[in-house]
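Q: I'd like to go over a predicted model; first the sequence, then the structure.
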Amino acid sequence: MAGAVLTIYGDAISGNCHKVRFVAERMKVPFRWVETSVVNKETRTPAFLALNPVGQVPFVTLPDGRGLAQSNAIMLYLAEGSELIPKDPFARAQMMQWLFWEQYSHETVIAVRRFHKHYLKKTDSEIEPSLLPRGEKILGLMNDHLAQRNYFVGERLTLADIALVAYTRFGHEAGFDLQKWPKVRAWVQRVEKDLGAESALPA
Ligand SMILES: N[C@@H](CCC(=O)N[C@@H](CS)C(=O)NCC(=O)O)C(=O)O
């Protein structure tokens, strides 16, 4: 049944869910947050699967009852028409380029390693070994991109930064010391400040 405001089903430890929360807050969209724990298998209950058969958070229901999954799709919907999405078609496509890269190459390495190391408490030898060099390559690529710029696209915060910061700011929990990539570290601090988020980085 439709509620009066946007409902975000999210897990407080999930960067994908933080993305949605950041954009809802930035856009001043009123929402209620329904904590839905992945670790406690709350994404696998019949009630949740009836909402999102994929069994994943984030998932939102709009006030009219329609539902939407996939963090980046939800961000795009909430930020429609705002400065978080460049108006220029090429800059917008560049933003999309980073959003697709984040889902295919970044999240699947940094977020996955973080989950295994920090939440499942696996030792390094129990974690898929390729994730470490792949993560280092990803952070190096980001550091190079940020060498002469403050944000991923243009000179302002876009959804590309929000998508990429979501798990990069927890890099240490995945076993990556961001001191090795100072441009990335400075950008994380910049984006967290823009979003009014408490820094997740270790001191
Ligand atoms: N591509 C999806 C990934 C969503 C995703 O992997 N969600 C995780 C939490 S971060 C989840 O719900 N996992 C539970 C499961 O797959 O069983 C997105 O960006 O929203």
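A: Now that the structure is in, tell me what you want to look at.

Q: strand partners of the helix or strand where residue 60 lies, parallel vs antiparallel please.
A: In the assignment (DSSP states H and E), residue 60 maps to strand 59-61. Within its sheet, and counting by DSSP bridges, strand 59-61 is paired with strand 6-10 (antiparallel), strand 67-69 (antiparallel).

Q: among those, which comes closest to residue 179?
A: Across the strands paired with strand 59-61, residue 179 has its closest neighbour in strand 6-10 (29.9 Å, CB to CB). C-betas here are computed from N, CA, C, even on glycine.

Q: dump that closest one to PDB, keeping only the CA atoms.
A: Written as PDB, here are the backbone C-alpha positions of strand 6-10 (Å, rounded to 0.1, in the frame of the first residue of the first chain):
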ATOM      1  CA  LEU A   6       9.100   7.800   0.000                       C
ATOM      2  CA  THR A   7      10.000   4.600   1.800                       C
ATOM      3  CA  ILE A   8      13.600   3.400   1.600                       C
ATOM      4  CA  TYR A   9      14.300  -0.200   2.500                       C
ATOM      5  CA  GLY A  10      17.900  -0.100   3.300                       C
END
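
Q: does the ligand sit close to that strand?
A: No. Judged by CB under 6 Å from any ligand atom, strand 6-10 makes no contact with the ligand; its nearest approach is 8.7 Å.

Q: contacts for that strand?
A: Contact with strand 6-10 is made by 17-18, 20-21, 24, 29-36, 48, 51-52, 57-63, 78, as judged by CB atoms under 8 Å, 6 or more residues apart in numbering.

Q: recalculate using a threshold of 6 Å.
A: Outside strand 6-10, the residues that touch it by CB atoms under 6 Å, 6 or more residues apart in numbering are 17, 20, 29, 31-34, 36, 57-61.

Q: contacting the ligand as well, which ones from these?
A: When these are checked against the ligand using CB under 6 Å from any ligand atom, the ones in range are 57-58.

Q: and the contacts of strand 6-10, which are buried?
A: Those of the contacts of strand 6-10 that meet the buried threshold are 17, 20, 31, 34, 36, 57-61, by 16 or more other CB atoms under 10 Å.

Q: mind putting these into a markdown table with pLDDT?
A: A markdown table is the format used below for these (pLDDT from 0 to 100):
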| residue | pLDDT |
| --- | --- |
| 17 | 98 |
| 20 | 98 |
| 31 | 98 |
| 34 | 98 |
| 36 | 98 |
| 57 | 98 |
| 58 | 98 |
| 59 | 98 |
| 60 | 98 |
| 61 | 98 |
